[in-house]
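Engineer: here is my input; please provide its structure:
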Amino acid sequence: MKRFRVLLARLRPIIGVLGPHRRLFVVSTVAGILQQLSAIATAGMGAWIVGRAVTGTPVRDQFAAFVWLCVLSLAGQVLNIVDGWSAHTMSWRAQYDLRVALHRKFDDLGPAYLMERRSGDVARVALADIGEIELYTSHVLPPILSGLIVPIGATVAVGLLHPLFAVVLGPLLLATATVPFWLGRRAEEQGRRTREAAGRLGSIVVDSVQGLREVTAFNAERRTLERIDVAQAEMVDATLEHARRVAVERIFTIALLSGGMLVTLVLGAWLASSGRLDISVFPAAVVLAGAAFAPIIALTAIGGELQRVAACADRVWAILRAEPTVHFTSDVEVAGHIEPTVSFDHVTFRYRNGLEPALSDVSFGIGPGEQVALVGHSGAGKSTCTHLLQRLWDPEVGSIRIGGHDLRDLPEHQLRQLVATVPQDVYLFNASVADNLRIGRADATETDLRDAAKQALALEFIEALPDGFETILGERGATLSGGQRQRLAIARALLHDSPIMIFDEAVSNLDTESEAAIRIALRAASVGRTTLIIAHRPSTIRTADRIVVLDHGRVVEEGTFSELIGAGGPLGQLLADPLPSTSDSPPHDVPKGPTTP
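Structural biologist: Take a look at the predicted model:
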């Protein structure tokens, strides 16, 4: 019983999701119970008619019984339709609410939450797990309630024919209902193993598909297939173990059902032969006994489903209960003009407790219209600075300010409007060029799109695409070159028209000629804007108004290009490195692993 209470506690939040649709839930439950009762009554009435006919009752004397049989049968069909419609309507509406809540939660949690988790796991929660919950609310929850009520009604009915039927059937019905909990611990462990195996297999398959170019280029097809085979074998083993347990449960269930029917037949025959039971109601007693077992057998069939649904619910609630990395406490915009200045004031930050600080006592500022290049070896803390400026995380010590306002005092929508980013790893959606650009500004006109594309030197290749701005780019913009994807990202950021812009290796995928042109465009676009550039190419660094050099999370040098090169300090050593540094990426700053939601 303790395990049953724990299971119900895990499933209880699902009931909360159905709260706004409680009327449909009540209609579905009541209709389902009445439908099963009408089915039992129909079967019992039919058996009673047969019993009376066998004992010699004329057909004309059973006319009323035939009428009731038709009425009950018709009522059962109507109730079945009402049950199905209300249950599925309720479930789909609840599923919609849950998906909306989950995606709003993703928005609250921000990219920082997703950086530390496998995208396949999160996607599975948003799609498959919520789908499982929908099946629970429409196909599992109503039958559970029916399975608890209908057997009681059937037992009472057969007990009215003779009390001994109820006395004998009661313990057998209770034993049948508890079959899934005899092996409950094994079911939970098997469910966990199956989920983990499915997660590993899914991640490997997604990796192999997304990395197909690399797999082919390095002739790694065999190694990839071996990884899939191992994961598939684990999945098969877990599934077969689950199937064996289900088979054992089914054997016990069938044995109890057979025993119940045998006891009913023997008891009914004895009662009828001894004159304690009218022979005409004997068939009805057998039918009612079978009807008492039917909902419980359905319950045992879905007992294993409850463990799986509970696991799905656990993962969904884990996300809905997760605490955001940062908390935006105000929705009220800061009044007046905000000067596009940025200042890092003695900022110290680490991604997790126990890790070395990614930034240590970092201080620097950027004035309006100024371009500042942030340079350093991989892992120096450059991308961490951009993450903090976007407020994906908050500093442990110190503050970051825009126009003199601490980022923690700005509402999220205002901060997002103030800062635009062109990342090194550009993400383009499987949509048209125009739709990808309009992420920067939803109400952008065709003229706006063309102007932004022209400024980012993307207009020419866009117009050369088969359908121009309406060309579908494919997943992650796979139909474009790296440089073309980068230019679209720049156009998208320009369209956003933020006073502060971050370019995280924005020209890293461009050839020398395109880089020079883009630098000219960025210089023009940065007029009146604060621009933070992460770069390692000397040609990009040289054009910046000022350079901040980071090393192991600390500012070690700051000044103009000519000043720092002339000083022969860290910047000169960095540029002389035969392996130029690149932007530190989240895998360096954020330890990632197979963390599930």
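Engineer: going by C-alpha atoms from here, please, whenever you check contacts or count neighbours.
Structural biologist: Noted.
Engineer: any idea how far the closest residue to residue 402 other than its chain neighbours lies from residue 400?
Structural biologist: Excluding the flanking residues, the one nearest residue 402 by C-alpha to C-alpha, 6 or more residues apart in numbering is residue 342, at 4.8 Å. Distance, residue 342 to residue 400, using C-alpha to C-alpha, to the nearest Å: 7 Å.
Engineer: residue 363 sits in which helix or strand?
Structural biologist: strand 359-366 (DSSP states H and E).
Engineer: tell me the buried residues in the helix or strand that that strand is followed by?
Structural biologist: Counting by DSSP H and E, the next helix or strand C-terminal to strand 359-366 is strand 371-375. If you call a residue buried by 16 or more other C-alpha atoms under 10 Å, then strand 371-375 has these buried ones: 371-375.
Engineer: farthest pair within those residues?
Structural biologist: Greatest spacing in the buried residues of strand 371-375, by C-alpha to C-alpha: 371 and 375 (12.9 Å).
Engineer: quick check: buried residues in the strand holding residue 363?
Structural biologist: 359-363, 366.
Engineer: ok, now stretch 157-176?
Structural biologist: Using 16+ other C-alpha under 10 Å as the test for burial, stretch 157-176 gives 157-159, 161-162, 164-166, 168-170, 172-173, 176.
Engineer: quick revisit: wait, the residue nearest to residue 402 sits on residue 399?
Structural biologist: No: counting by C-alpha atoms under 8 Å, residue 342 sits too far from residue 399 to count as a contact (10.7 Å).
Engineer: of those two, who's got more company?
Structural biologist: Between residue 342 and residue 399, residue 342 has the larger neighbour count (other C-alpha atoms under 10 Å), namely 23 against 20.
Engineer: who's the more buried one bridged to?
Structural biologist: Beta bridges link residue 342 to residue 366, residue 402 when assigned by DSSP bridges.
Engineer: ok, now the one 5 residues further on?
Structural biologist: Applying DSSP bridges to residue 347 yields these beta-bridge partners: residue 362.
Engineer: residue 364 is in contact with that one, correct?
Structural biologist: No: counting by C-alpha under 8 Å, residue 364 is not a contact partner of residue 347; they are 9.6 Å apart.
Engineer: find the nearest non-adjacent residue to residue 75, please.
Structural biologist: Per C-alpha to C-alpha, 6+ apart, closest to residue 75 is residue 38, 7.1 Å.
Engineer: so which helix or strand takes in the one you found?
Structural biologist: helix 22-54.
Engineer: so what secondary structure elements neighbour that helix?
Structural biologist: helix 63-115, helix 141-161, helix 282-320 (3 or more C-alpha pairs under 8 Å, 6 or more residues apart in numbering; DSSP states H and E).
Engineer: for the first one, the distance to its chain's centre please.
Structural biologist: I take that to be helix 63-115. Mean-position distance between helix 63-115 and its chain equals 21 Å (C-alpha atoms, centre = their mean, to the nearest Å).
Engineer: against which helices or strands is it packed?
Structural biologist: helix 2-17, helix 22-54, helix 130-135, helix 282-320.
Engineer: if we use 6 Å, what do you get?
Structural biologist: helix 22-54 (3 or more C-alpha pairs under 6 Å, 6 or more residues apart in numbering; DSSP states H and E).
Engineer: ok, residue 198 - contacts?
Structural biologist: Under the criterion of C-alpha atoms under 6 Å, 6 or more residues apart in numbering, residue 198 has no neighbours.
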